[in-house]
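Student: How does the following fold in three dimensions:
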Amino acid sequence: MQDRNLSRRKFLGGMIAVPAVAAISAPIAATGSFIYPPDSLLQPPAPKKVTHIDNMKPWEPVFFAYEDVPSLAMKVDKDQVISFTLKCTHLGCTVDVPKGNLKDKQIVCPCHGGVFDAVGANVAGPPPKPLKRLAVSISSDGTVIVQDKGENTSA
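Tutor: Below is the predicted model of the structure:
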């Protein structure tokens, strides 16, 4: 028959074992981030064809998803196209983009009131950085191609 009473020795052993296991496993878990390769060593996502430059109107965004992140591309000059993600740099909420022409308009984050200008630069509120830029190239046939180069360059 098994004794149902917990001895003082077993109780104290459990009280010491639980924090000891936590104290040992916490540093091991923390070093995991140092062992995992840094983002600079990971391959960037594949380029994505977005649209043809002739289909773009100045300052009117073309929306698309890049690696499951809402993004936009926009012609700001005759042959200059910019692109950035729509994920707020504060806490990652998706920002609200006004409809139509974005020139002189603001992009707002609905979560905490962050404000960005039409080219993604942070102008007010808590966001610490501009919206993440995507590198844009235009192929010889006029196809607009975006790719994440792992950098965040401001406008």
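Student: Quick check: chain neighbours aside, which residue is closest to residue 147?
Tutor: residue 47 (4.2 Å; C-beta to C-beta, 6 or more residues apart in numbering). In this view, the C-beta of every residue, glycine as well, is placed from N, C-alpha and C.
Student: which sections of this structure are below the confidence cut-off?
Tutor: 1-4, 32-34, 36-42, 150-155 (pLDDT under 70).
Student: mind giving me the domain ranges of it?
Tutor: The record's domain parsing of the chain by automatic domain parsing lists 8-40, 48-147.
Student: First-to-last residue distance for stretch 100-118?
Tutor: One end of stretch 100-118 to the other measures 12 Å (C-alpha to C-alpha, to the nearest Å).
Student: count of neighbours near the residue nearest to residue 87 when sequence neighbours are not counted?
Tutor: In space, not counting the residues next to it along the chain, residue 87 is nearest to residue 69; the distance is 5.6 Å by C-beta to C-beta, 6+ apart. A count of neighbours around residue 69, defined by other C-beta atoms under 10 Å, yields 16.
Student: Which parts of the chain are helices?
Tutor: When assigned using DSSP state H, the helices of the chain occupy the ranges 8-35.
Student: Tell me which residue lies nearest the centroid of it.
Tutor: Closest residue to the average C-alpha location of the chain: residue 87 at 5.6 Å, with C-alpha atoms, centre = their mean.
Student: List the beta-bridge partners for that residue.
Tutor: With beta bridges defined as DSSP bridges, residue 87 has these partners: residue 94.
Student: ok, now which ones touch the residue nearest to residue 147?
Tutor: With contacts defined as C-beta atoms under 8 Å, 6 or more residues apart in numbering, residue 47 is in contact with 137, 145, 146, 147.
Student: any idea which of those is closest to residue 31?
Tutor: Each of the contacts of residue 47 was checked against residue 31 using C-beta to C-beta; the closest is residue 147, at 32.0 Å.
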